[in-house]
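Chemist: let me see the structure of the following:
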Amino acid sequence: MVTKKTRTSKKRVTKKTVTRKARTTTAKKSVSPIAQLEQTITKSQTQLANLYTKAATQAQKSVDRIKGQLDKAVARQAAQRDKKNAAAEKVKANRTAAAVKALTRTREALRAAGQKTAELRAQLKEAKTALKTAADAQKKSAAQQKVLDKFESDWAKASKPKKRKATAKRRTKKAAAPTAPAAETPASE
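Modeler: Numbers count the residues shown, from 1 in each chain. All right, here's what the predicted structure looks like:
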């Protein structure tokens with residue numbers, strides 16, 4: 001036989017309290033549409049200035065990259081020119097089929113190097129134009145911002161209430177000694 005244990009437990013009575021959030025009437029700040037638009041414009045001007053700076057930086061990097069490629073291409077072209085001259089000397093000294101074939105190959109390589117150099121020069125010219133355009137746009141943006149900041153500063157100064165200087169108080173003249181009235185001349189005596 002299995003005995004069952006019975007538990008006797010007292011029910012605990014817990015008092016439930018409901019906490020309510022205190023209603024705080026925080027006045028919502030009403031921002032006028034004009035102020036919102038001014039903030040948006042200011043934010044957009046900042047973003048635009050950053051984009052101009054970024055574009056000028058990217059254009060400068062592009063110019064530098066193409067200059068590096070052009071320098072390498074010019075060096076390769078000079079090396080190919082030297083190889084062609086050496087091959088031409090070999091052909092002059094000993095005209096063999098192998099020497100003529102080598103001269104032909106070096107001439108083709110020199111033409112290819114010349115075309116690559118010409119393409120890179122054209123790209124460099126375009127990149128420099130893009131850099132000038134980006135730099136000019138950045139300068140224009142900076143000048144506009146400077147003028148706008150000066151205008152805002154001048155406007156703030158002009159709209160401040162002006163302090164008035166204290167007016168000088170007039171002193172009342174004290175009569176040190178009463179003056180004797182002028183002798184009256186009788187008009188009809």
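Chemist: quick one: pLDDT of residue 20?
Modeler: pLDDT for residue 20: 69.
Chemist: can you give me the strands for the chain?
Modeler: Using DSSP state E, no strands are assigned anywhere in the chain.
Chemist: and the helices in it?
Modeler: 33-93, 97-159 (DSSP state H).
Chemist: would you turn those into a markdown table with mean pLDDT and mean neighbour count?
Modeler: From N, CA and C alone the C-beta is placed, and that goes for glycine too. Shown next, in a markdown table, are the helices of the chain (pLDDT from 0 to 100; neighbours: other CB atoms under 10 Å):
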| stretch | mean pLDDT | mean neighbour count |
| --- | --- | --- |
| helix 33-93 | 94 | 14 |
| helix 97-159 | 94 | 14 |
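Chemist: tabulate these (a markdown table), appending distance to residue 19.
Modeler: Putting the helices of the chain into a markdown table (distance: least, CB to CB, whole Å) gives the following:
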| stretch | distance to residue 19 |
| --- | --- |
| helix 33-93 | 38 |
| helix 97-159 | 49 |
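Chemist: quickly note the distance from the most centrally placed residue in the chain to residue 127.
Modeler: Central residue check for the chain by CA atoms, centre = their mean: the C-alpha nearest the mean position is that of residue 50, 2.9 Å away. Distance, residue 50 to residue 127, using CB to CB, to the nearest Å: 22 Å.
Chemist: could you do residue 135 as well?
Modeler: Taking CB to CB, one finds residue 135 at 12 Å from residue 127.
Chemist: okay, and the common contacts of these two?
Modeler: Here residue 135 and residue 127 have residue 59 as joint contacts, going by CB atoms under 8 Å, 6 or more residues apart in numbering.
Chemist: the residue lying closest to residue 117 once chain neighbours are set aside: what's it in contact with?
Modeler: Spatially, and ignoring its direct neighbours in sequence, residue 117 is nearest to residue 73 (4.6 Å; CB to CB, 6 or more residues apart in numbering). Residues in contact with residue 73 (CB under 8 Å, 6+ apart) are 113, 116, 117, 120.
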